[in-house]
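this one's structure only:
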Ligand SMILES: Nc1ncnc2c1ncn2[C@@H]1O[C@H](COP(=O)(O)OP(=O)(O)OP(=O)(O)O)[C@@H](O)[C@H]1O
């Protein structure tokens, strides 16, 4: 039936339909997963806090300051022989800001502004950052330990070939290592130092943030380890010398020193879901094979015995990846687990400081603070709520935001399907099935190279995002009746199964390949569809999910994302579309726009993506 339908152009024109606030509120209020995100992106991510500004008040003003010409006691005439004065970065910043404001006033993102979901990071600040990182070319520029340098390509990046650091890696690795501040580097090596450094890493989705925080943390761990080993050796020599000089003293029995490393990790990485624990944990473990440290990952997807054995292994533990829920419950029973933490990394910080996670994250943070040397928060989107929280709680946090923050890369195209038009006439399910058939038949044409084309010819992977949990099952069943190999993923699915399902949409090297489950309803429906002789779309796998799979999951194998429902905020747009076009790859998003959907928002998001601008 589907095949007989005329193909609809994915990029048809939009009719502008603006919903009233009442309509939006009503539709948002239906169902848990349909609730709008309360998060609103911050307009001043890279801006230092008021306290920091106050602190800088007394400092001498720069020559470029607007007050630089006031109260001068000498004439500073410019030497005529010199070349014309270069415009300072502040001047450039001011001029770009001016243009930016004018452009927006000329009728920029009205709907997005009304929605207030995304914020501005000044384009001057973005340009300055771009300049700053443009000189860094390879990982060898960073003062990482040689063993870590040598492990980046073969272990962390699976021998990708010619690799160079991404913008966030160029920005964050030197800062976290303390390159710009030699004094800080020395103090980081000095265990007695009490000062805790705080960093916020803000960079677009799929830009390698994990490696940006992981490499410096491991580097610090290994340096401290080396210093401690030297000290122990020195102490032992001194002890031996002491023993030799006091021959007549009674030999005291060797005191038993319990292994201090058991259940006392030094680096903790917090992530919101069990799937992310596995993903980040895999990366940490792969580096540990050559760098030699003890990494463990724990989440509620593992049994109590496994969790205990990993955390309290007699060999000790250096790095732990966990969800806040599990770690907070463990530390309630045994607070000493956090007694030696020097590096706490909060990945997906916008989620982990959101209302549902915040109490647990803060509890862990408070308990770990006495020993903490570095706190790193990391996120692809900075909601206003998080921004103000950070300004209040961590006024001195160092903000490292990349030039493309809050933008969806231009290599990701956004197509729009008007569900109200022929042949769908309001039938979104049908529009979704037809879109998947079109992609399934044409995806190979969009491949970049021969190898990838071969992969895509084998299996095309498509993620369909819906706003409601119940809809995942309903839509999956419908798609199966239309010959599409679809699987539903929502919070009701067993955690272990969730990981297996997701793994076939992430990098093949991490893939554990989901096993067919005979009790699974979708699986039964698939069998039924085959029995009924429904023609199946070959080599295409579809995952129907809620926001569960929109954060952090490295779905590098996904080229197409279908937004069945229009996301409630631009934050959701960024995260959902961020599942494709990762790390320089091309991708395509298709949004199905029906009656009552915010067509104006979709249109502006598409324009912003086309221009490569931040969605503000
Ligand atoms: N320098 C690099 N060169 C090439 N690939 C890289 C580099 N750094 C990281 N990657 C790869 O990029 C992919 C995305 O990395 P990662 O998951 O850390 O992104 P992210 O910024 O955390 O994304 P998200 O915001 O969605 O969580 C991974 O497959 C990783 O192996």
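That came in fine, so what should we check first? These numbers come from a predicted model, not from an experiment. Numbers count the residues shown, from 1 in each chain.

can we go C-alpha only for contacts and neighbour counts from here?
Fine.

list the contacts for the closest residue to residue 338 other than its chain neighbours?
The shortest distance from residue 338 to any non-neighbouring residue, by CA to CA, 6 or more residues apart in numbering, is to residue 368 (5.3 Å). Contacts for residue 368 (CA atoms under 8 Å, 6 or more residues apart in numbering) come out as 338, 339, 340, 341, 344.

the ligand next: which of those are close?
By CA under 6 Å from any ligand atom, no member of those lies near the ligand.

closest one of these to residue 307?
residue 338 (15.9 Å; CA to CA).

ok, that closest one - contacts?
264, 265, 331, 364, 367, 368.

show the backbone phi and psi for it.
When read as degrees, to the nearest 10, the backbone of residue 338 gives phi -100, psi 10.

how close does it sit to residue 383?
Per CA to CA, to the nearest Å, residue 338 is found 28 Å from residue 383.

domains in the protein, by residue range?
The chain breaks down into these domains under automatic domain parsing: 125-232+260-401, 412-611.

any chance of those in JSON lines, with mean pLDDT too?
Formatted as JSON lines, these follow (pLDDT from 0 to 100):
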{"stretch": "domain 125-232+260-401", "mean pLDDT": "89"}
{"stretch": "domain 412-611", "mean pLDDT": "82"}
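
beta partners of residue 377?
Beta bridges link residue 377 to residue 200, residue 346, judged by DSSP bridges.

that one - how many residues pack around it?
For residue 377, the tally of surrounding residues (other CA atoms under 10 Å) stands at 25.

which residues does it contact?
Taking CA under 8 Å, 6+ apart, one finds 198, 199, 200, 201, 345, 346, 347, 348, 349 in contact with residue 377.

from the residues you listed, which is closest to the ligand?
residue 348 (7.0 Å; CA to the nearest ligand atom).

could you pull up phi and psi at that closest one?
Torsion angles at residue 348 (phi, psi; degrees, to the nearest 10) stand at phi 50, psi 50.

how much space between the closest residue to it other than its chain neighbours and residue 203?
Leaving aside its sequence neighbours, residue 348 sits nearest to residue 379 (CA to CA, 6+ apart; 4.7 Å). Distance of residue 379 to residue 203, given as CA to CA: 7 Å.

and the residue nearest to residue 338, what element?
According to DSSP states H and E, residue 368 maps onto helix 358-368.

what sits up against stretch 319-337?
Outside of stretch 319-337, the residues within contact range by CA under 8 Å, 6+ apart are 263-274, 277, 280-281, 293-300, 311, 338, 357, 360-361, 363-364, 367.

which of these are buried?
For those, a burial check counting by 16 or more other CA atoms under 10 Å picks out 263-274, 277, 280-281, 293-300, 311, 338, 357, 360-361, 364, 367.

so which of these are in helices?
Applying DSSP state H to the buried ones among the contacts of stretch 319-337, the entries found in helices are 274, 277, 280, 281, 311, 360, 361, 364, 367.

now the residues you listed in JSON lines, with distance to the ligand?
Shown next, in JSON lines, are those (distance: CA to the nearest ligand atom, whole Å):
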{"residue": "274", "distance to the ligand": "14"}
{"residue": "277", "distance to the ligand": "12"}
{"residue": "280", "distance to the ligand": "8"}
{"residue": "281", "distance to the ligand": "12"}
{"residue": "311", "distance to the ligand": "24"}
{"residue": "360", "distance to the ligand": "21"}
{"residue": "361", "distance to the ligand": "18"}
{"residue": "364", "distance to the ligand": "22"}
{"residue": "367", "distance to the ligand": "26"}
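
now, among those, which is nearest to residue 559?
Residue 559 lies nearest to residue 280 out of those, by CA to CA, at 21.8 Å.

for that closest one, give its distance to residue 421.
With CA to CA as the criterion, residue 280 and residue 421 are 44 Å apart.

what does residue 579 give?
28 Å.

just residue 468 next, same as before
Look at residue 468 and residue 421: by CA to CA, they are 24 Å apart.

neighbour count: these two, which is higher?
residue 468 (19 against 14).

my read: the more buried one touches residue 548, true?
No: using CA atoms under 8 Å, residue 468 is not in contact with residue 548; the gap is 10.9 Å.

export the contacts of residue 338 to TSV and tack on distance to residue 242?
Shown next, in TSV, are the contacts of residue 338 (distance: CA to CA, whole Å):
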residue	distance to residue 242
264	32
265	33
331	41
364	43
367	39
368	37
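
ok, so of those, who is nearest residue 535?
So of these, ranked by how close each gets to residue 535 (CA to CA), first place is residue 364, at 52.7 Å.

list the residues that contact that closest one.
324, 327, 328, 331, 338.

one more: residue 151?
Residue 151 touches 287, 290, 291, counting by CA under 8 Å, 6+ apart.

list the contacts of the last one.
Contacts of residue 291 were listed using CA under 8 Å, 6+ apart, and they are 147, 148, 151.

just the ones of those residues in strands?
Among those, no member is found in strands (DSSP state E).

turn those into a markdown table, columns for distance to residue 214.
Conversion of these to a markdown table gives the following (distance: CA to CA, whole Å):
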| residue | distance to residue 214 |
| --- | --- |
| 147 | 14 |
| 148 | 11 |
| 151 | 12 |
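
coming back round to it: which of the contacts of residue 151 fall in helices?
Using DSSP H, those in helices are 287, 290, 291.

the nearest residue to residue 479 once chain neighbours are set aside: how many residues sit nearby?
Closest residue to residue 479 apart from its sequence neighbours, by CA to CA, 6+ apart: residue 433 at 6.0 Å. Close neighbours of residue 433, defined as other CA under 10 Å, add up to 21.

so what's residue 433 up against?
When contacts are counted by CA under 8 Å, 6+ apart, residue 433 touches 479, 482, 484.

now do the same contact list for the first one.
Translated: residue 479. Per CA under 8 Å, 6+ apart, neighbours of residue 479: 429, 433, 485, 486.

out of the residues you listed, which is most surrounded?
residue 486 (26 neighbours).

doesn't that one fall inside a strand?
Yes: the assignment for residue 486 is a strand, going by DSSP: H, G, I helix; E, B strand; the rest coil.

now tabulate the contacts of residue 433 in CSV and tack on distance to residue 240.
Below are these laid out as CSV (distance: CA to CA, whole Å):
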residue, distance to residue 240
479, 75
482, 79
484, 74
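
export those as CSV, with columns for distance to the ligand.
What follows is the contacts of residue 433, written out as CSV (distance: CA to the nearest ligand atom, whole Å):
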residue, distance to the ligand
479, 27
482, 31
484, 27
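
thought residue 411 was touching residue 585?
Yes: counting by CA under 8 Å, residue 411 touches residue 585, with 7.3 Å between them.

just give the number of residues close to residue 505.
Using other CA under 10 Å, the number of residues around residue 505 comes to 26.

thought it was touching residue 559?
No: using CA under 8 Å, residue 505 is not in contact with residue 559; the gap is 10.1 Å.

before we move on, back to that, now, which of the contacts of residue 291 lie within helices?
Taking DSSP H, the ones among the contacts of residue 291 that sit in helices are 147, 148, 151.

fine by me, we can end here.
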